[in-house]
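[1] Next comes the sequence, and after it the predicted model I'd like to discuss.
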Amino acid sequence: MEASPKDFLKLHFIVFLWGFTAILGNEMTIPATDVVMYRTALASIVLAGFMYFKSKTFQVNRADMMPLILTGFIIAIHWFLFFESARVSNVSVSLAGMATTTFWTSLIEPLFNKRKIRVFEVILGLVVISGLYVIFRFEFNNALGLGLAMASAFMAALFSVLNGKMTHKLSQYTITFYEMAAAAIGIAIFIPFYKYFFLAETATYALPTTRDWGLLLILSVVCTVYAFSASVELMKRITAYVVNLTINLEPVYGIILAVIIYGENEEMSAGFYYGTLIILAAVLSYPVIRRSQRKALERKKKLGLG
């Protein structure tokens, strides 16, 4: 089934919501690990209630359960690195680093789907990398944050490709429920070890404030249950590469929001914005290139050359 203009509009709205998540996570008083734990736990509880009242199935084949659990763990790592990146640098740097998702996807998706690597996808991914190089050159003091964000982007590419395969077997609600539950359990097990060995803390789980709970509900219900389920459903009609290419607009949406909310604290060098423009150019050029390739293929078929 071909994607409609409405599908792409919906995808952009989802990406806008994801651009807002870095700000929500940055506003909370609890550590990044705990943000992920509460976010995924609340999301799985809310989704379980929705599925029960809407009579959605919870049934999953044994063969599909392990991939769902593994993907849930990957999602937990992705979000932890993402929120931690924003805290060690700032929201803008974290979102810019996430733009490498396209490059990682161009390498990972062909391996999983057993198709040839499309040269132009790799080239566009490298263009994104060049944009990040420009950012890195002018924002060297934010190297750790950018590195964490790029690692988070790799995890995002991985779970997007894995979900793209699962959408043909299970509903988006079933996929999201089990992955959120697995992410919550995985990060809950990880937290005590992480805090003990890396932070030298004896405390385990942080207790959110009243304000944190409000932000967590928005993060869980709107930016996770709705956005994640909707994105999984869109993957039935849109490839993981196109989804992740569009997600490269997340820095643009997020940076605009961050500048509006934080003002001077989010102001970056001119090089940062030049790099972001390079990334944006790569995003916008993909549908143009893909459309021209399809038209060329159609012409070949008509001429009997395809």
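    Nice, thanks for sending it over.
[2] how about residue 112, what does it touch?
    Residues near residue 112 by C-beta atoms under 8 Å, 6 or more residues apart in numbering: 161, 162, 165. Placement of C-beta: from N, CA and C, glycine included.
[3] switch the cut-off to 6 Å
    Contact analysis of residue 112 by C-beta atoms under 6 Å, 6 or more residues apart in numbering lists residue 161.
[4] Distance of residue 164 relative to residue 236?
    In this view, residue 164 and residue 236 are 9 Å apart by C-beta to C-beta, to the nearest Å.
[5] out of the two, which sits in the more crowded spot?
    Neighbours were counted for residue 164 and for residue 236 using other C-beta atoms under 10 Å; residue 164 has more, 22 against 13.
[6] From what I see, the more buried one and residue 233 are in contact.
    No. Using C-beta atoms under 6 Å, residue 164 is not in contact with residue 233; the gap is 11.6 Å.
[7] any residues in contact with both of the two?
    With C-beta under 6 Å, 6+ apart, residue 164 and residue 233 have no common neighbours.
[8] Any buried residues in stretch 228-236, and which?
    Of the residues in stretch 228-236, those with enough neighbours to count as buried (16 or more other C-beta atoms under 10 Å) are 228, 229, 230, 231, 232, 233, 234, 235.
[9] pLDDT and secondary structure for the residues you listed - can I get that in TSV?
    TSV is the format used below for those (pLDDT from 0 to 100; DSSP: H, G, I helix; E, B strand; the rest coil):
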residue	pLDDT	secondary structure
228	77	helix
229	78	helix
230	83	helix
231	80	helix
232	74	helix
233	78	helix
234	83	helix
235	76	coil
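[10] what are the phi and psi angles of residue 208?
    phi -70, psi 150 (degrees, to the nearest 10).
[11] what secondary structure does the closest residue to it other than its chain neighbours sit in?
    Among residues not flanking residue 208 along the chain, residue 30 sits closest, at 5.5 Å (C-beta to C-beta, 6 or more residues apart in numbering). Three-state call for residue 30 (DSSP: H, G, I helix; E, B strand; the rest coil): coil.
[12] what's the distance between residue 30 and residue 231?
    Distance, residue 30 to residue 231, using C-beta to C-beta: 26 Å.
[13] on that earlier part again, residue contacts, the residue nearest to residue 208?
    So residue 30 contacts 206, 208, 212 (C-beta under 6 Å, 6+ apart).
[14] what do you get if the cut-off is 8 Å, keeping everything else the same?
    Per C-beta under 8 Å, 6+ apart, neighbours of residue 30: 38, 206, 207, 208, 212.
[15] My read is that the last one contacts residue 31, right?
    No. Here residue 212 does not reach residue 31: they are 11.3 Å apart, not a contact under C-beta atoms under 8 Å.
[16] Now for those two: what residues contact both?
    Counting by C-beta under 8 Å, 6+ apart, residue 212 and residue 31 have no contacts in common.
[17] what's the burial count for residue 188?
    A count of neighbours around residue 188, defined by other C-beta under 10 Å, yields 19.
[18] Quick one: residues contacting the closest residue to it other than its chain neighbours.
    What sits nearest to residue 188 in space, not counting adjacent residues and going by C-beta to C-beta, 6+ apart, is residue 37, at 5.3 Å. Residue 37 makes contact with 184, 187, 188, 191, 205, according to C-beta under 8 Å, 6+ apart.
[19] Okay, and residue 37 sits in which element?
    Assigning secondary structure by DSSP states H and E places residue 37 in helix 32-53.
[20] Dump the C-alpha coordinates for that helix into PDB.
    Below are the C-alpha coordinates for helix 32-53, written out as PDB (Å, rounded to 0.1, in the frame of the first residue of the first chain):
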ATOM      1  CA  ALA A  32      17.900  10.300  32.600                       C
ATOM      2  CA  THR A  33      17.700   6.600  33.500                       C
ATOM      3  CA  ASP A  34      14.700   7.200  35.800                       C
ATOM      4  CA  VAL A  35      13.000   9.400  33.200                       C
ATOM      5  CA  VAL A  36      13.100   6.400  30.800                       C
ATOM      6  CA  MET A  37      11.900   3.900  33.400                       C
ATOM      7  CA  TYR A  38       8.900   6.000  34.400                       C
ATOM      8  CA  ARG A  39       8.200   7.000  30.800                       C
ATOM      9  CA  THR A  40       8.100   3.400  29.500                       C
ATOM     10  CA  ALA A  41       6.300   2.000  32.600                       C
ATOM     11  CA  LEU A  42       3.500   4.600  32.400                       C
ATOM     12  CA  ALA A  43       3.300   4.100  28.600                       C
ATOM     13  CA  SER A  44       2.800   0.400  28.900                       C
ATOM     14  CA  ILE A  45       0.200   0.800  31.700                       C
ATOM     15  CA  VAL A  46      -1.800   3.400  29.700                       C
ATOM     16  CA  LEU A  47      -1.600   1.300  26.500                       C
ATOM     17  CA  ALA A  48      -2.600  -1.900  28.400                       C
ATOM     18  CA  GLY A  49      -5.800  -0.100  29.600                       C
ATOM     19  CA  PHE A  50      -6.500   1.200  26.100                       C
ATOM     20  CA  MET A  51      -6.000  -2.300  24.600                       C
ATOM     21  CA  TYR A  52      -8.200  -4.000  27.200                       C
ATOM     22  CA  PHE A  53     -11.200  -1.600  26.800                       C
END
